[in-house]
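In: predicted model and sequence follow; I will ask about them next.
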Amino acid sequence: MAQPIPPITLPSAQNPQQEAEWLRTNLHRWLDREFIPEAVNQQIANRAAQIYARQRMEGENDLGSLVIAIVTEMQAFDFSQSFYSEFAIANAVSDILLDSLGIDRCCGQ
């Protein structure tokens, strides 16, 4: 039987607003590169960064829980002017954070 991948815990937030700004910048860059630059990409990145900052200020360090929070809260965002969905955004945030931690996205190592 396969073993589950252990949870990934982020270091405790020292400056959640600064982390959120870093995430916003990197997510916006990713959104523009993935398809085409669109004005809505900035709004998406801003909203995802706000959710991230609030979660981190509330003490959330578990990456899985952060992804679920982003999916849940981004459901209220109007994606009609975008190629993306709340799932694509949450996955992109996860990938960006994993890359910053030097964790291989393929195998969780």
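Out: Nice, I can see it.
In: just want the most central residue of the protein.
Out: Geometric centre of the chain, nearest residue: V93, 2.2 Å, by C-alpha atoms, centre = their mean.
In: right, and that one touches H28 too?
Out: No: if you go by C-beta atoms under 8 Å, V93 and H28 don't touch, sitting 11.7 Å apart. Heads up, the C-betas are built off the backbone N, CA and C, glycines and all.
In: tell me the contacts of F35?
Out: F83 (C-beta atoms under 8 Å, 6 or more residues apart in numbering).
In: could you give the backbone dihedrals for it?
Out: In this entry, F35 is assigned phi and psi values of phi -120, psi -100 (degrees, to the nearest 10).
In: use 19 as the first number for this chain going forward.
Out: Got it, the first residue is 19 from now on, which makes the last one we talked about F53.
In: now it: how far from S100?
Out: Separation of F53 from S100 (C-beta to C-beta, to the nearest Å) stands at 9 Å.
In: do the same with A66
Out: 12 Å.
In: likewise for G82?
Out: Distance from G82 to S100, by C-beta to C-beta: 24 Å.
In: over to P55?
Out: If you measure P55 against S100 using C-beta to C-beta, the figure is 12 Å.
In: and those two? Which one has more around it.
Out: Ranked by neighbour count (other C-beta atoms under 10 Å), P55 and S100 place S100 first, with 18 against 11.
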